[in-house]
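Peer 1: build me a structure from this.
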Amino acid sequence: MHISRAREMCILLADFLRMTLGMGEKPLIPLQEELDLLERYCAIERVRFGTRLKVEQNIQEEAKRCLLPPLLLQPLFENAVVHGIAQMEEGGWVKLNTERNGGRIFITVENSWDPEAVSARKKNGVGLKNVQRRLEARYGKEALTEVNTEEHVFRVSLSLPAETQSEK
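Peer 2: Sure, this is the predicted structure:
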């Protein structure tokens, strides 16, 4: 890694770690804060993967105010990169969609993946299991998690009660 890229990576990592430490102390954060963290995470991964990593976000404005447990989406993005993009020579994409509809927020993280890749076949699912456990601890059966794999797409869909600061 070139020295300027290494320096950039160190700065991005320090910023990311500072942000995660502050978030970990809060029971809930606005989706917007989680999106800010994801942007920092993706910046780190772009140093590694360059144009091989494509990120697309479709975020409903109203959803940004919804509260959710901190560090909920970052492990899903990390899984998408480690088990998806990193395993594909040409790289791939990660898409995030969020929508508030009535009393619920719907979040979908999907990524391109190669089902034949070694990492794709040997899934231990720790990140995904942690997300599911945290949602269950906070919302019980009110939170739903659905995992789908299609030919070259891996998708995690979350549905949980929509809370905002003013509604609490």
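Peer 1: run a quick neighbour tally on the residue nearest to G91 when sequence neighbours are not counted.
Peer 2: Leaving aside its sequence neighbours, G91 sits nearest to R52 (C-beta to C-beta, 6 or more residues apart in numbering; 2.6 Å). Placement of C-beta: from N, CA and C, glycine included. Per other C-beta atoms under 10 Å, the neighbour tally for R52 reads 16.
Peer 1: residues contacting R52?
Peer 2: 85, 88, 90-92 (C-beta atoms under 8 Å, 6 or more residues apart in numbering).
Peer 1: could you flag which of those residues are buried?
Peer 2: 85, 88, 91-92 (16 or more other C-beta atoms under 10 Å).
Peer 1: out of the residues you listed, which sit inside strands?
Peer 2: The strands, defined by DSSP state E, take in G92 from the buried ones among the contacts of R52.
Peer 1: show me where the protein has its strands.
Peer 2: Under DSSP E, the chain gives strands at 29-30, 53-59, 67-68, 92-101, 104-112, 144-149, 153-161.
Peer 1: hey, which of those strands is tucked in deepest?
Peer 2: Each of the strands of the chain was scored by mean neighbour count; the highest is strand 67-68, a mean of 24, by mean count of other C-beta atoms under 10 Å.
Peer 1: what sits up against that one?
Peer 2: The contact list for strand 67-68, computed with C-beta under 8 Å, 6+ apart, reads 28-31, 34, 105, 160, 163-165, 168.
Peer 1: re the thing from before, among the contacts of R52, which pair sits farthest apart?
Peer 2: Spanning the widest gap among the contacts of R52 are I85 and E90, at 9.6 Å by C-beta to C-beta.
Peer 1: OK, contacts around the closest residue to L35 other than its chain neighbours?
Peer 2: Leaving aside its chain neighbours, L35 sits nearest to I59 (6.6 Å; criterion: C-beta to C-beta, 6+ apart). Counting by C-beta under 8 Å, 6+ apart, I59 makes contact with 31, 35, 96-98.
Peer 1: for the protein, give me the ranges with low pLDDT.
Peer 2: 1, 12, 16, 19, 21-24, 118-125, 166-168 (pLDDT under 70).
Peer 1: so which residues of it form helices?
Peer 2: 3-23, 31-49, 74-83, 118-121, 126-139 (DSSP state H).
Peer 1: out of those helices, nearest to A63?
Peer 2: helix 31-49 (5.7 Å).
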